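> Below are the sequence and a predicted model; questions follow.
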Amino acid sequence: MPKQVPTERRQLAELIDQAIALLEDELELGLVGLAVTRTAGNRAVDPSGSRATVTSRGRALGALEEEVTACTRCDLAKGRTQSVFARGDPSARLLLVGEGPGRDEDLQGLPFVGAAGKLLDRMIVAMGLRPEEVYICNVVKCRPPHNRTPLANEAAACLPFLARQIELVGPDMIVALGRCAANNLGCAPPVGPWRGIWREWHGIAVMPTYHPAYLLRSPEFKRTVWSDLKKVMHRLGLA
């Protein structure tokens with residue numbers, strides 16, 4: 001019995017910390033007063049075959065990551081510290097695609113770990129998910145010079161990798177973060193509105209919205225992005 005008390009206290013403290021963090025996220029995004037229902041982020045799986053499926057998916061993604069690491073299809077490879085493949089759950093229902101790695105990502109080898117990534121993580125938590133429950137990647141896997149938008153030929157060189165990632169993860173839906181991601185998924189028309197409208201990529205629903213880096217520069221659009229994410233939440237059964 002004496003050993004139970006510290007454990008219970010620690011669990012209670014963790015729950016309080018999580019509640020405080022969520023409230024801080026809601027305050028920053030302007031979501032106070034909105035009830036978020038927490039449900040499991042992963043799709044239901046058949047216990048008899050799920051282990052083999054997850055293992056084979058992980059192996060295939062690992063092999064693809066090794067191919068990306070050795071890739072020299074475009075000039076971005078010349079300036080990289082390392083390639084940046086993905087982070088998150090390879091069995092996720094929700095996949096988020098950004099533009100390309102920045103300085104922090106190039107150094108750490110993971111997407112969305114800088115200031116924009118921290119904001120993205122808070123947005124994911126506000127949706128009722130944990131960052132590790134979604135799958136996050138970029139259009140290009142190497143950092144463009146000075147964090148510029150990837151050129152058309154650079155994006156085209158990386159598109160087979162992105163397409164294979166999406167195919168292996170098999171998400172229920174995709175969020176395209178920024179016009180670059182939406183363009184390369186064929187989900188942004190040349191003219192007219194492009195964000196906030198459901199599109200489709202190879203039969204998968206896609207919601208294009210603004211990139212978190214844009215929200216850091218223009219925080220007044222956080223509510224706009226939240227309206228887009230609420231549509232995703234509704235389809236996922238999170239709201």
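Thanks, I have the structure now.

> which secondary element of the chain has the worst mean pLDDT?
When the helices and strands of the chain are scored by mean pLDDT, DSSP states H and E, helix 4-29 comes last with a mean of 51.

> If you count neighbours, what's buried in the helix or strand following it?
Counting by DSSP states H and E, the element after helix 4-29 in chain order, helix or strand, is helix 50-69. Applying a neighbour-count criterion of 16 or more other C-beta atoms under 10 Å, the buried positions in helix 50-69 are Leu61, Leu64, Glu65, Val68. C-betas here are computed from N, CA, C, even on glycine.

> just the strands in this protein please.
Under the criterion DSSP state E, strands of the chain are mapped to 87-88, 94-98, 135-138, 173-177, 199-201, 204-209.

> Pipe those into JSON lines and attach mean pLDDT per row.
Shown next, in JSON lines, are those (pLDDT from 0 to 100):
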{"stretch": "strand 87-88", "mean pLDDT": "98"}
{"stretch": "strand 94-98", "mean pLDDT": "98"}
{"stretch": "strand 135-138", "mean pLDDT": "98"}
{"stretch": "strand 173-177", "mean pLDDT": "98"}
{"stretch": "strand 199-201", "mean pLDDT": "97"}
{"stretch": "strand 204-209", "mean pLDDT": "98"}
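
> Now render the ones you listed as TSV, adding mean neighbour count.
Formatted as TSV, the strands of the chain follow (neighbours: other C-beta atoms under 10 Å):
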stretch	mean neighbour count
strand 87-88	21
strand 94-98	27
strand 135-138	26
strand 173-177	26
strand 199-201	16
strand 204-209	22
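
> what bits of the chain have low per-residue confidence?
Of all residues in the chain, those with pLDDT under 70 make up the ranges 1-52.

> how about 90 then?
1-55, 190-191, 239 (pLDDT under 90).

> Please state the offset of stretch 171-190 from the chain centre?
Taking C-alpha atoms, centre = their mean, to the nearest Å, the mean C-alpha location of stretch 171-190 is offset from the chain mean by 12 Å.
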